[in-house]
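In: Sharing a model prediction with you, sequence too.
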Amino acid sequence: MSNNNSSIVSKIWAFCNTLRDDGVGYGDYLEQLTYMLFLKMADEYSKPPHNRKMPIPKEFAWNTLTSKSGDELERHYNKLLRTLAKEKGILGQIFIKSQNKIQDPAKLYKLIALINAEEWVLMGVKDKGDIYEGLLEKNAEDTKSGAGQYFTPRALIKAMVECLRPEPKKTITDPACGTGGFFLAAYDWITENQELDKEGKKFLKYNTFFGNEIVAGTRRLALMNLFLHNIGDIDSDNFISPNDALIAAPTATYDYILANPPFGKKSSMTFTNEDGEQEKEDLTYNRQDFWVTTSNKQLNFVQHIKSMLKTTGYAAVVLPDNVLFEGGAGETVRKKLMETTDLHTILRLPTGIFYANGVKANVLFFDGKPSAKKPWTKEVWFYDYRTNIHHTQKKNPLKLEDLKDFIKLYNPKNRNKRKETWSEVSTGSTSPEGKWRKFTYEEIIARDKTSLDITWLKDKSLADLDNLPDPDVLANEIVENLEAGLESFRAIINSLNKK
C-alpha cells in the first residue's frame, strides 16, 4: 500500500476511536463507511467525464447528505438506508438490512465530511481497492468482534493463487468467500500476468467470480470490495449468493476453487425453544452427491468443493488439521478425495498467522478428474512450513516472501519436474532443506485411518534450549494450543450429550 493510501486509511480509521466511546464497534463503523463510499462513488460516476446514469434516486443522492446536519441529517440518513435496501442489483444488496449505528448527528456529519474530502473514482482501481482492503484488515485485527474469521492472511492467499495461476475466461468460485480476498488476488494475478483482449476484460469483470457468504454484514463488505476493484458495476447482478452453499448440490461447476471455509467443526442453526430460550442444533446435510453424511462442517465443505469442481478444474483449500486425521467420516472423505481427484500437494501452515487463535491449518491442492476405476492420486507432496516456524500477528506476520520457497518447489509451470529436498540427514534442519517430501498413495493408504497428518522434521526447540523462540511467541503458542485443546473437549462434550 502506498504512503498516501496508508495515510487515508489511518485518517478514516482514527475517527473510529471517537465513535467507540459511543458504543460503535469496528464492524459497525466499517458498515457505515461502506454505505457512504458507495454513495460518494456513485455521485462521482454521475458527473463528467463519466456521466453515467446511476440507479440511486435523486432524493437520496450523495449531495442530500452533505447539505444537511443535526437531527435533519440523522432522519434523512435513516430513511435513505431503509429505501435503498429495497433497490435491485448490487445497490440493494449492499444496503439490505442496513441500520444507522451512529446516533450522534455531529459525528455522522463528520464522517460524511471525511468521505467527501476524497475523490475516490479518480484514484486508480488498485489504490481505492487497497484503501478498502486496509480498512478490512484493521477490522480483522479486532479479535473481540470475531471479524478475523472472515479475513484470510493476504500473503497466504497470494501464494495459493500463484500456485494455481488462473487463466483468462475461466470461472473462479469460493463457497465461503468472506470479504472476497481470494477473488481480488485472482483478479490481480490475471490482470498482471495474462494478456487480455476486450472480450477477456469483459469476462473478467462480469463472468469470472461467483461465491457464497451467509453472514449479511460480511457479504456487504465483499460486494463493496469487488466493486472497488472494478469487478461488476453498481447496477449489475451481484456475484455473491446469501444462501448456505452446503444446503444443496451445486447447479454449476467451476474451473478454479479457492477457499478458506469457516473455522469450527460443526454447522449449526439457532432456534428458539418452547421456553423462549435460544438453542443451537447441529446441521447434517443429506446430499446424494456427498460420500458420507456428517455434521462436521469442514468435511462437508471438502465434499461440496469436490462436487463444484470441473473434471478439468483446480482447487486450493485451507483446512484445519482435524480433516487430515479424524476417523470415521474423515477417513472416508480422505480416501474418496484421493480416489476421485489428484490430491497432489499439502502445505502445512504454522500457528500465529490467523486472527483466530489456536488454529492449526493446511492448504490442500487437488485437481478435478473424470470417473475412473483406479485412484487418481499417485503421490502427495508435503511442504512443512510449521515445524520450527514462529509467526505472530504483530511482531512477525506472515509475508509472501516467507512462502516463496514453497511456490518455487511447488513448480506451478510444470509439477511433473518436482524434486524432494528431504533426506535422512535433513530432518533436523531449520532451513528450507528437508521441508519438501513426497509420500506415495500406497504409503498413505497403509497409515492408520489413512491419516494425512504427517510430520518428519525435528522440533529444534525441544532438543536445544538455545533455540527457544522469544517469550511472547512462546506465550502465544501456549494460548493457541490451550484454545485448540478446549475446542476438542467441547466437541467431545457435544458428542456425549447426544448419546
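Out: Sure, I can see it.
In: Output the contacting helices and strands for the host helix or strand of Glu443.
Out: Here Glu443, judged by DSSP states H and E, is contained in helix 441-445. The helices and strands touching helix 441-445, judged by 3 or more C-beta pairs under 8 Å, 6 or more residues apart in numbering; DSSP states H and E, are helix 329-340, strand 379-384. Bear in mind the C-beta positions are built from the backbone N, C-alpha and C, glycine included.
In: what is the orientation angle of the shortest one with helix 329-340?
Out: Here strand 379-384 points in a direction 120 degrees away from that of helix 329-340 (axes from the mean of the first three to the mean of the last three C-alpha atoms, to 10 degrees).
In: pull the CA atoms of strand 379-384 into CSV?
Out: Taking Å, rounded to 0.1, in the frame of the first residue of the first chain, the C-alpha atoms of strand 379-384 are listed here in CSV:
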residue,chain,number,x,y,z
GLU,A,379,1.7,-39.3,-4.7
VAL,A,380,1.1,-36.4,-2.3
TRP,A,381,3.9,-33.8,-1.8
PHE,A,382,4.1,-32.2,1.6
TYR,A,383,5.8,-28.9,2.5
ASP,A,384,6.3,-28.5,6.2
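In: circling back: pull the residues that contact the helix holding Glu443.
Out: Lys335, Met338, Pro375, Thr377, Lys378, Glu379, Val380, Thr450, Ser451, Leu452 (C-beta atoms under 8 Å, 6 or more residues apart in numbering).
In: Next, the buried residues of that helix.
Out: Tyr441, Ile444 (16 or more other C-beta atoms under 10 Å).
In: ok, back up a step: type out the PyMOL command that picks the buried ones from the contacts of helix 441-445.
Out: Listed next is the PyMOL selection for buried residues among the contacts of helix 441-445, using 16+ other C-beta under 10 Å:
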select buried, resi 335+338+375+377+379+380+450+452
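In: Between the contacts of helix 441-445, which sits nearest Ile407?
Out: Val380 (17.7 Å; C-beta to C-beta).
In: Please name the bridge partners of the closest one.
Out: Phe439 (DSSP bridges).
In: for the stretch 251-400 of the chain, what spans make up the helices?
Out: Secondary structure of the stretch 251-400 of the chain, counting by DSSP state H, counting those that start in this stretch: helices at 297-308, 322-325, 329-340.
In: most tightly surrounded among the ones you listed?
Out: Mean neighbour count (mean count of other C-beta atoms under 10 Å) peaks for helix 297-308 among those, with a mean of 23.
In: That one versus helix 329-340: what angle between them?
Out: In terms of direction (the same axes, to 10 degrees), helix 297-308 departs from helix 329-340 by 20 degrees.
In: how much space between the nearest residue to Leu65 once chain neighbours are set aside and Gly368?
Out: Excluding the flanking residues, the one nearest Leu65 by C-beta to C-beta, 6 or more residues apart in numbering is Ile112, at 5.2 Å. From Ile112 across to Gly368, the span is 48 Å (C-beta to C-beta, to the nearest Å).
In: again, but for Ile96
Out: 34 Å.
In: out of these two, which sits in the busier spot?
Out: For the pair Ile96 and Gly368, the greater number of neighbours falls to Gly368 (22 against 17), based on other C-beta atoms under 10 Å.
In: pretty sure the more buried one contacts Ser307?
Out: No: with contact defined as C-beta atoms under 8 Å, Gly368 does not count as touching Ser307 (10.2 Å).
In: could I get the helices of the stretch 251-400 of the chain as TSV with mean pLDDT?
Out: Shown next, in TSV, are these (pLDDT from 0 to 100):
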stretch	mean pLDDT
helix 297-308	96
helix 322-325	96
helix 329-340	97
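In: Make CSV from the ones you listed and add distance to Lys394 to it.
Out: Below are these laid out as CSV (distance: least, C-beta to C-beta, whole Å):
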stretch, distance to Lys394
helix 297-308, 28
helix 322-325, 28
helix 329-340, 34
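In: Minimum distance to Leu81: which of the ones you listed has it?
Out: Across the helices of the stretch 251-400 of the chain, closest to Leu81 is helix 297-308 (C-beta to C-beta), at 32.7 Å.
In: which phi and psi does Lys107 have?
Out: Note on Lys107: backbone dihedrals following degrees, to the nearest 10 are phi -80, psi -30.
In: Could you report the separation of it from Gln99?
Out: From Lys107 across to Gln99, the span is 16 Å (C-beta to C-beta).
In: cool, Phe325 as well?
Out: Distance from Phe325 to Gln99, by C-beta to C-beta: 44 Å.
In: And for Gly328?
Out: To Gln99, Gly328 is 43 Å away according to C-beta to C-beta.
In: With Leu80 instead?
Out: Using C-beta to C-beta, Leu80 is found at 12 Å from Gln99.
In: Between those two, tell me which one has more neighbours.
Out: Leu80 (22 against 12).
In: Kindly confirm my reading that the more buried one forms part of a helix.
Out: Yes: looking at Leu80 with DSSP: H, G, I helix; E, B strand; the rest coil, it is inside a helix.
In: backbone phi and psi for the residue lying closest to it once chain neighbours are set aside, please?
Out: Once flanking residues are discounted, Leu80 sits nearest to Phe60: 4.5 Å by C-beta to C-beta, 6+ apart. Main-chain torsions, Phe60, degrees, to the nearest 10: phi -130, psi 20.
In: residues in contact with Phe60?
Out: Each residue near Phe60 by C-beta under 8 Å, 6+ apart is listed here: Leu39, Lys79, Leu80, Thr83, Leu84.
In: Give the ChimeraX command for selecting the buried subset of the residues you listed.
Out: To isolate the buried ones among these in ChimeraX, judged by 16+ other C-beta under 10 Å, type:
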select :39,80,84
